[in-house]
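Enquirer: have a look; sequence and predicted model below, questions after that.
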Amino acid sequence: MTADAVASAPLRASDLLALLARYSLGALFIYMGLSKALHSVEFLKLVRQYDVLHHPFGLNLVASALPWFEVFCGLLLVLGIAVRGTAVMLVTMLVPFTVLVLLRALDIYKAGGQPFCSIKFDCGCGAGEVLICRKLAENLLLAGLSVGLVFWRRNRLCLRYGLV
Amino acid sequence: MRNARTVVLEALLVAFAGAVFALACNALSPRGLHLSRNYFPGGNRPAVSATNLISKPAGALPNQVLEATLRRLEQQGLQSIQSNDVVELFRDARHEQGLVVFLDARDDQHYQAGHIPGAWQFNHYRPEQFLPTILPVCLNAQKIVIYCNGGTCDDSEFAAIMLRDAGIPRENLFVYAAGITEWMTNGLPVETGARRSGQLLKSGP
């Protein structure tokens, strides 16, 4: 079925689910991105805490560009432009970031001896301090929704579903 | 297969356009970062392991953290100063004459919420905003005490390095590593709002 045919077909539950996924992911990424972009120095310090990037340029590049990149992806999803390509980018960001959060949580777990799920820290996600188990579950859900958007091919209320 | 290629190509287009958008927004934003600036002079690795500050409640930072900070200051060739000496300098007549200067290395929000009375704000992440005011003050001073929140906060250290690199003699610079947290815990006066606002709080443990 072509994208045009999908758009003109009657509204189904899967269309609604795809719409909901697009809008919720888009709104969340816009919010999270803006909250980091408006507190760029704090975000820079949090990126440094991961101890992955050690060159000033690398640190600055990630801390300055990543928040606005998230806003960009969020806008594309809300407007319905290049939905599948954007969803692939979200997965590309979410998976390594989730691994980094998990590794840092494991470090804390080994050092502190407290129950894993009671570990709480500001992961630089834009929402302040979060409980690690909740954060991991959230990220898995977001990654799952993004993967869904890649495969679902639902173009309701999209300005331009595919660019290529 | 063709479908997968299309999606990957689209993702690459999104990545490229997003990178351009992100860099442009950062360049235009008044809160943007300078890509070439070293915001952490003296080391881009976190000075204190994240595990240390997370596993302890706020305000109850372990002595090991303070000791690690003091060792690091020594490695950087910076002098540290302890609470009693800070209080002595605060009460010194030279403080009123501008010969003893206190610098608060935190951001606006924290500074406005409470700083050592008479302290100048010096957020080293925004040097273009603060250095023109701070440099003449520091050049005129005999002793400069720099502090931030204390504990794992290393902004006072970076501010001191920046001032040293800007030409302030290192023997005049003192980092108060325990910071405003200890100052407040000791029940010493705290000024809110702008410098010399006259709004004093009596802090307590």
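Expert: In hand now; what should we look at?

Enquirer: only C-alpha atoms from now on, for both contacts and neighbour counts.
Expert: Fine.

Enquirer: under the pLDDT cut-off, which ranges of chain B? List them.
Expert: B:1-2, B:43-62, B:202-205 (pLDDT under 70).

Enquirer: point me to the residue of it nearest chain A.
Expert: B:Ala11 (3.8 Å; C-alpha to the nearest C-alpha).

Enquirer: residues touching the residue in chain A positioned nearest to chain B, list them.
Expert: Nearest residue of chain A to chain B (C-alpha to the nearest C-alpha) works out as A:Gly85 at 3.8 Å. A:Gly85 makes contact with A:Val150, B:Val7, B:Val8, B:Leu9, B:Glu10, B:Ala11, B:Leu12, B:Leu13, B:Val14 under the criterion C-alpha atoms under 8 Å, 6 or more residues apart in numbering or on different chains.

Enquirer: possible to save those residues as TSV with distance to A:Leu131, neighbour count and secondary structure?
Expert: Supplementary listing: those in TSV, determined by distance: C-alpha to C-alpha, whole Å; neighbours: other C-alpha atoms under 10 Å in any protein chain shown; DSSP: H, G, I helix; E, B strand; the rest coil:
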residue	distance to A:Leu131	neighbour count	secondary structure
A:Val150	29	19	helix
B:Val7	34	22	helix
B:Val8	34	18	helix
B:Leu9	36	15	helix
B:Glu10	35	22	helix
B:Ala11	31	24	helix
B:Leu12	33	16	helix
B:Leu13	35	17	helix
B:Val14	32	26	helix
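
Enquirer: for A:Phe116, report the pLDDT, please.
Expert: We have a pLDDT of 91 for A:Phe116.

Enquirer: ok so, going back, go through the contacts of A:Gly85 and name the one nearest B:Leu173.
Expert: B:Val14 (48.7 Å; C-alpha to C-alpha).

Enquirer: now do the buried residues in the longest helix along chain A.
Expert: Longest among the helix segments of chain A by residue count, using DSSP state H, is helix A:83-112. Applying a neighbour-count criterion of 16 or more other C-alpha atoms under 10 Å in any protein chain shown, the buried positions in helix A:83-112 are A:83-91, A:94, A:98, A:101-102, A:104-106, A:108-109, A:112.

Enquirer: parallel or antiparallel, which strands does the helix or strand just after that helix pair with?
Expert: Helices and strands here follow DSSP states H and E; after helix A:83-112, the next one along the chain is strand A:120-122. When pairs are called by DSSP bridges, strand A:120-122 turns out to pair with strand A:129-131 (antiparallel).

Enquirer: list the contacts for the spatially most central residue of chain B?
Expert: For chain B, the residue lying nearest the average C-alpha position, counting by C-alpha atoms, centre = their mean, turns out to be B:Asp155 (2.7 Å). By C-alpha under 8 Å, 6+ apart, the contact set of B:Asp155 is B:Ala105, B:Arg106, B:His124, B:Tyr147, B:Cys148.

Enquirer: hmm, A:Trp68 and A:Gly33 touching each other?
Expert: Yes. A:Gly33 is within contact range of A:Trp68, at 5.9 Å (criterion: C-alpha atoms under 8 Å).

Enquirer: so between those two, which is more surrounded?
Expert: Of the pair A:Gly33 and A:Trp68, A:Trp68 is the one with more neighbours under other C-alpha atoms under 10 Å in any protein chain shown, namely 28 against 23.

Enquirer: please, where are all the helices along chain A?
Expert: If DSSP H is used as the criterion, the helices of chain A fall at A:3-8, A:13-37, A:40-49, A:56-79, A:83-112, A:132-152.
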